[in-house]
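**Student:** sharing a model prediction with you, sequence too.
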Amino acid sequence: MKTLHLQPTVPHYMQTFRCIGADCPENCCHGWRIDIDEQTYKKYQKVAIYPLAKKLQTVLQPSAQPSRSTYAVMQMQADGRCTMLDQDGLCEIHAKLGSDHLSDTCMHYPRVFSSVHDKLYCFSTLSCPAAADLALRQPDSMTMAVMDMSIPGKAEIPLENILDFKQHPHVALEFLEPIQEVAALVVRHPELSAAEAMVVLSLMVQKLARHFAEPDPATARTALARTLTDFCRPAYCLEARDVMAQAPRQLSARLTLLKGITLKYLQERKGRPTFMETLAQAARGLHLDAADQAEAEQSCLVAERDWFEPFDRRHPHLLKNYLLNEFGKNNFPVGKSLDIETEFTSLAVRFALIRLYLIGIAGDRREAFDEQDYVRLVYRFVRNLEHGSFFVDTLNAMAQQGYGGLAAAVILLR
């Protein structure tokens, strides 16, 4: 059996991550489409163990648009469960054929691989409850290190993104790693909350975007280096926070935007029952069903001041680790769009929604509000809202309403 040996750079939590199988509160083999790659599909056609062989032939359906990575699709049960799960919630393929017979989707989830200047990275999507728990709750979970990793039966790994300055000569890619390091320094600043760090980063992103647009590469590099040096200084970050704090908070606009995004999601998609429970709990804590907008705004302020902020100040790493994981997983500052403002605004919208829902949950649970509320909200949020094109469509809709780019991000963050 072939084994692929890798040495990716990973956050600390990935070194201890293990699938918890049947003990998982929201199994990844339930509710999602499971793509079967061509190599794995051909393996399944050669299985001679009965009745497993006949079952595999029955449950595999040709993909509507077959490709190397999506050659076929696993048929799901009426309740959304994978047809290959046994009565204990464990995978029959893994149990009877071994891990080398798992598809790329099942083999690698929740791992996300990317290559930056020929250096391999591996993060996790936090839709996995076990990964979310490790990533958020451990203060040092985002410390980076090289890890030995072996993948049985695979000749290659599916890279989410390949970023190479030689292939894409852009100053943003040239400075990608320094920008990530400075962004991480800002987020880790001990005197900044996660929300304050994001506001400071919005100012940094605004400056970097101007530098990226500079037609002269030498001038752009000089300006980039100067800006990054400024934001490396803790005192400069505090000054930036204080300057941004002088602008009036637009709570009404923030609530209207975030409620609108939530309603758009509920109208277009049907969330899992557990996520719907979470949204209902947040709505109770925020009194979002109040007829009077002023009453809802006051409820939000009280829940934030009295219940969320005191707990968040005592456990700042919870939301900060979410941000650091997103920076690495999505190759901030360029991501798939290769546009820093688009990438940052997308993260700002997601962060603002998560924070608002946490404020509502804190207002509902009060003294009982704890770390597990963060973990539960994050993995439910990611698996319901972040998988798919919802946020791309949302950003386009916001821009059409006049809430595009960094201006909208700042409204949502303050």
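**Tutor:** Good, I have the coordinates. Numbers count the residues shown, from 1 in each chain.
**Student:** longest single helix anywhere in the chain?
**Tutor:** Longest helix of the chain, by residue count under DSSP state H: helix 340-365.
**Student:** buried residues, the next helix or strand after that helix. List them.
**Tutor:** Next helix or strand after helix 340-365 toward the C-terminus (DSSP states H and E): helix 371-381. The neighbour-count check on helix 371-381 (16 or more other C-beta atoms under 10 Å) flags 373-381 as buried. Using the backbone N, CA and C atoms, a C-beta is placed for each residue, glycine as well.
**Student:** can you list the residue ranges for helices in the stretch 251-400 of the chain?
**Tutor:** Listed in chain order, the helices of the stretch 251-400 of the chain (DSSP state H, counting those that start in this stretch) span 251-268, 273-286, 293-303, 309-314, 317-329, 340-365, 371-381, 390-400.
**Student:** give me the buried positions along the longest one.
**Tutor:** So that's helix 340-365. Residues of helix 340-365 classed as buried: 340-364 (neighbour count, 16+ other C-beta under 10 Å).
**Student:** go on, the first one?
**Tutor:** Burial within helix 251-268, assessed by neighbour count using 16+ other C-beta under 10 Å, is assigned to 251, 254-259, 261-262, 265.
**Student:** show me the contact partners of it.
**Tutor:** With contacts defined as C-beta atoms under 8 Å, 6 or more residues apart in numbering, helix 251-268 is touched by 271, 279, 288, 293, 296-297, 300-301, 349, 352-353, 356, 384-385, 390, 394, 397-398, 403, 408, 411-412, 414.
**Student:** could you give the angle of it to helix 293-303?
**Tutor:** Interaxial angle of helix 251-268 relative to helix 293-303 (axes from the mean of the first three to the mean of the last three C-alpha atoms, to 10 degrees): 100 degrees.
**Student:** also the second one?
**Tutor:** Orientation note: helix 273-286 sits at an angle of 100 degrees relative to helix 293-303 (the same axes, to 10 degrees).
**Student:** counting by contacts, list what helix 273-286 packs against.
**Tutor:** helix 293-303, helix 340-365, helix 371-381 (3 or more C-beta pairs under 8 Å, 6 or more residues apart in numbering; DSSP states H and E).
**Student:** next, the angle helix 371-381 makes with that helix.
**Tutor:** Orientation note: helix 273-286 sits at an angle of 120 degrees relative to helix 371-381 (the same axes, to 10 degrees).
**Student:** again, but for the fifth one
**Tutor:** Comparing the axes of helix 317-329 and helix 371-381 via the same axes, to 10 degrees yields an angle of 30 degrees.
**Student:** buried ones in helix 317-329?
**Tutor:** In helix 317-329, counting by 16+ other C-beta under 10 Å, buried: 317-329.
**Student:** would you mark the buried spots in stretch 243-250?
**Tutor:** Those would be M244, for stretch 243-250 by 16+ other C-beta under 10 Å.
**Student:** same question for stretch 89-99.
**Tutor:** By neighbour count on 16+ other C-beta under 10 Å, the buried set for stretch 89-99 is 91, 93-94, 97.
**Student:** pLDDT-wise, which helix or strand of the chain ranks last?
**Tutor:** helix 390-400 (a mean of 69; mean pLDDT, DSSP states H and E).
**Student:** can you name the element that comes right after it?
**Tutor:** Next element after helix 390-400 (DSSP H and E): helix 405-413.
**Student:** list the helices and strands that following helix packs on?
**Tutor:** Contact partners of helix 405-413 among helices and strands, from 3+ C-beta pairs under 8 Å, 6+ apart: helix 194-212, helix 251-268, helix 340-365.
**Student:** which of the helices of the stretch 251-400 of the chain sits closest to K54?
**Tutor:** helix 273-286 (33.1 Å; C-beta to C-beta).
**Student:** show residues contacting the closest one.
**Tutor:** By C-beta under 8 Å, 6+ apart, helix 273-286 touches 25-26, 262, 266, 271, 288-289, 296, 299-300, 303, 356-365, 376-377, 380-381, 383-384.
**Student:** about what we covered before: for K2, find the nearest of the helices and strands packed on helix 405-413.
**Tutor:** helix 340-365 (35.9 Å).
**Student:** and the pLDDT at the spatially most central residue of the chain?
**Tutor:** Residue closest to the average C-alpha location in the chain (C-alpha atoms, centre = their mean): E326, at 5.2 Å. pLDDT for E326: 95.
**Student:** same deal with A223?
**Tutor:** pLDDT at A223 comes out at 96.
**Student:** return the residues in contact with it.
**Tutor:** 210-211, 214.
**Student:** what do you get if the cut-off is 7 Å, keeping everything else the same?
**Tutor:** Residues in contact with A223 (C-beta atoms under 7 Å, 6 or more residues apart in numbering) are 211, 214.
**Student:** where's it, which helix or strand?
**Tutor:** helix 217-232.
**Student:** so for that helix, what gets flagged as buried?
**Tutor:** By neighbour count on 16+ other C-beta under 10 Å, the buried set for helix 217-232 is 220, 223-224, 227-228, 231.
**Student:** turn those residues into CSV, including distance to D118.
**Tutor:** Below are the buried residues of helix 217-232 laid out as CSV (distance: C-beta to C-beta, whole Å):
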residue, distance to D118
A220, 23
A223, 27
L224, 22
T227, 26
L228, 23
F231, 27
